[in-house]
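Q: Pasting a predicted model and its sequence here:
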Amino acid sequence: MVTRIKAFSLGLVALLALSLSHSLPGQADDRFITVASTTSTQNSGLFEFMLPVFTKETGIEVRVVAVGTGQAIKLARNGDADVLFVHHKPSEEAFVADGFGIERFDVMYNDFVVVGPSEDPAGIKGSDGIAAALKKIADSKTPFASRGDDSGTDKREKSLWKLANIEAGGEWYRETGSGMGATLNTAHGMGAYALTDRATWLAYKNKDGFEIVFEGDKNLFNQYGIIAVSPEKFSHIKIDDAQAFVDWVISKEGQAVIADYKLNGTQLFFPNAPAQGS
Amino acid sequence: MDANESAFFLAINLVLSGDYQLYGIVALSLKVSLLATLIATCLGLPLAALLAIARFPGRDMISTVLNALLGLPPVVVGLFVYLALSRAGPLGELGLLFTPTAMVIAQTILITPIVAAVALRSLEDFNSEYTEQLRAIGLTGFERAQTLLWEARFSLATAVLAGFGRAVAEVGAVMIVGGNIANVTRVMTTAIALETSKGDLALALALGIILIMLALAVNMFAAAAREIGRKAAGEAPARGEA
């Protein structure tokens, strides 16, 4: 019996060794870069549309880790990404100023919108500006679902409350501490308003009885930027391939691909990279 | 709610059509979780046997800690492994972050205590029953541990399956250390989380149904293997079975 268990254990260990050496994809031979980006670019389907074009042309695979802007920047600061592609200009500029990024480029924009129940309980439709709309929500204490996760959208929302001179808080102001989609699901569940980027909203499928109730203020402008992470802080950064990706995204061709991406006939992102010298 | 009705048909449709890179995602889920289960078994069973047999200072403490670790939140494990594997962390040089290997490491840490704790319960039962006999025939502690493991093997399958169940259902840790990268580290649970966040509840539910079917298939396979093994060993059903 003791020999049987020895044989069994040996078999188990052999199986383990075999699967360890065999089953997991290696990293060494694959040519790829890691891009830390936001959920809006992924959930909207832009990356699925855009990345294969780049990969086909250059042979560089692009692996996207889609998290909130705050978390994406932390990943890049830890050296866990080669490129940062997010939407909060002040944080992006700080990232470059601190020596973590080489240079920041504008890539594209869209806008933020306020979504909520179609019946618009706080009556913010047609408000004169986002500050007035938010004030109506706060005054009527209508539920508002906030990301509360330090993402680009969350940072923007906080600055909009500041713009409206409102200390957002209290029972009606509900921080979900989660991503855009999860926050929309929560808002939907409790009939709350929420701030979202337009691309995520258009791609979002659980809309029943919800619609855009406020849009069009210049303070809702949503700019995306791209930065190659500096190899000076982390020597393993694949700077050549990272730079190739950045260059392609802001090139005429990359910009055209972004403009071409449509969901149900609607363009989601508007390219605005500075014109590149030939 | 129509998400419920359509999800079931969508699940069937997905399985038949193989859309959504479904097979790749299912294969990775199985690969990662089975490998983690295998490693956890190699670590957890000997540990359980040691704790069942040996009496040493701190043994009860270890056993208590093991039980407490059953409640280890996956997100905490994920964070811990992230900090270790991040380029800024102590093991950053290995470049393992956002790879399936990182996911195996996280799941192994998560489920080894489960395998060990559940196994320990079966082994303690066996041990209290047989310890005098085993001592009487003059076996050393090491031999007694081996004997126990072998005699309890059919009950121990439950421990291993409990570990696998936790691993394959887990989302928090693999999301952090794997990054949910399409075609690289996306598994069933992270795909479900992604589709939920897109508001595509029907698709998320359909993937959930497939995941449950998968877990069911693995358990049925294990139950069948256990039954065949038991018949071959000519034993009556062992105690402590679920």
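A: Nice, thanks for sending it over.
Q: how near is residue A:194 to chain B?
A: In this structure, residue A:194 lies at 12 Å from chain B, with CB to the nearest CB, to the nearest Å as the measure. To be clear about C-beta, it is placed using only N, CA and C from the backbone, and glycine gets the same treatment.
Q: chain center to stretch A:217-231, what's the gap?
A: Per CA atoms, centre = their mean, to the nearest Å, the displacement of stretch A:217-231 from the mean C-alpha position of its chain is 11 Å.
Q: same question, stretch B:20-34
A: If you compare the mean C-alpha spot of stretch B:20-34 with that of the full chain, they lie 15 Å apart, counting by CA atoms, centre = their mean.
Q: What are the contacting residues of that stretch?
A: Contact with stretch B:20-34 is made by A:19, A:23-24, B:14-15, B:100, B:103-104, B:107, B:164, B:167-168, B:174, B:182-183, B:185-189, B:191, B:203, B:207, B:210-211, B:214, B:218, as judged by CB atoms under 8 Å, 6 or more residues apart in numbering or on different chains.
Q: Restricting to C-alpha, output the worst-scoring helix or strand of chain B on mean pLDDT in PDB.
A: Lowest on mean pLDDT, DSSP states H and E among the helices and strands of chain B sits helix B:2-17, with a mean of 77. The C-alpha trace of helix B:2-17 is given here as PDB (Å, rounded to 0.1, in the frame of the first residue of the first chain):
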ATOM      1  CA  ASP B   2     -36.500  38.800 -20.300                       C
ATOM      2  CA  ALA B   3     -32.800  38.600 -19.600                       C
ATOM      3  CA  ASN B   4     -33.600  35.300 -17.800                       C
ATOM      4  CA  GLU B   5     -35.400  33.700 -20.700                       C
ATOM      5  CA  SER B   6     -33.100  34.800 -23.500                       C
ATOM      6  CA  ALA B   7     -30.000  33.900 -21.400                       C
ATOM      7  CA  PHE B   8     -30.800  30.200 -21.500                       C
ATOM      8  CA  PHE B   9     -31.200  30.100 -25.300                       C
ATOM      9  CA  LEU B  10     -28.200  32.400 -25.700                       C
ATOM     10  CA  ALA B  11     -26.100  29.900 -23.600                       C
ATOM     11  CA  ILE B  12     -27.100  27.000 -25.900                       C
ATOM     12  CA  ASN B  13     -26.500  29.200 -28.900                       C
ATOM     13  CA  LEU B  14     -23.000  30.200 -27.700                       C
ATOM     14  CA  VAL B  15     -22.000  26.600 -27.000                       C
ATOM     15  CA  LEU B  16     -23.200  25.400 -30.400                       C
ATOM     16  CA  SER B  17     -21.700  28.300 -32.400                       C
END
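Q: residue ranges for the helices of chain A, please.
A: In chain A, the helices defined using DSSP state H lie at A:2-22, A:39-43, A:46-58, A:69-77, A:89-97, A:130-139, A:152-163, A:180-190, A:198-203, A:239-249, A:252-260.
Q: does chain B sit close to stretch A:109-124?
A: No: judged by CB under 8 Å from any CB of the partner chain, stretch A:109-124 and chain B are separated, with a smallest distance of 11.4 Å.
Q: Flag every buried residue along that stretch.
A: Going by neighbour count (16 or more other CB atoms under 10 Å in any protein chain shown), the buried part of stretch A:109-124 is A:110, A:111, A:112, A:113, A:114, A:115, A:116, A:117, A:120, A:121, A:122, A:124.
Q: swap in stretch A:120-137?
A: A:120-122, A:124, A:127, A:129-131, A:133-137.
Q: remind me, longest strand of chain A?
A: When every strand of chain A is counted residue by residue (DSSP state E), the longest turns out to be strand A:101-117.
Q: Please state the offset of that strand from the chain centre?
A: Strand A:101-117 has its average C-alpha position 9 Å from the chain's average C-alpha position, going by CA atoms, centre = their mean.
Q: That one pairs with which strands?
A: Applying DSSP bridges to the sheet, strand A:101-117 is found paired with strand A:193-197 (antiparallel), strand A:210-214 (antiparallel), strand A:221-229 (antiparallel), strand A:270-271 (antiparallel).
Q: ok, residue A:109 touching residue A:225?
A: No: counting by CB atoms under 8 Å, residue A:109 sits too far from residue A:225 to count as a contact (9.9 Å).
Q: What is the end-to-end distance of stretch A:258-275?
A: 15 Å (CA to CA, to the nearest Å).
Q: okay, the helices of chain A in TSV with mean pLDDT next?
A: As requested, those are exported to TSV (pLDDT from 0 to 100):
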stretch	mean pLDDT
helix A:2-22	69
helix A:39-43	90
helix A:46-58	96
helix A:69-77	95
helix A:89-97	96
helix A:130-139	96
helix A:152-163	95
helix A:180-190	93
helix A:198-203	94
helix A:239-249	97
helix A:252-260	96
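Q: Please report phi then psi for residue B:137.
A: Per-residue torsions, residue B:137: phi -90, psi 10 (degrees, to the nearest 10).
Q: Close to chain B: what parts of the stretch 51-200 of chain A are there?
A: Applying the criterion CB under 8 Å from any CB, the portion of the stretch 51-200 of chain A that neighbours chain B consists of A:63-66, A:77-80, A:179-182, A:184-185.
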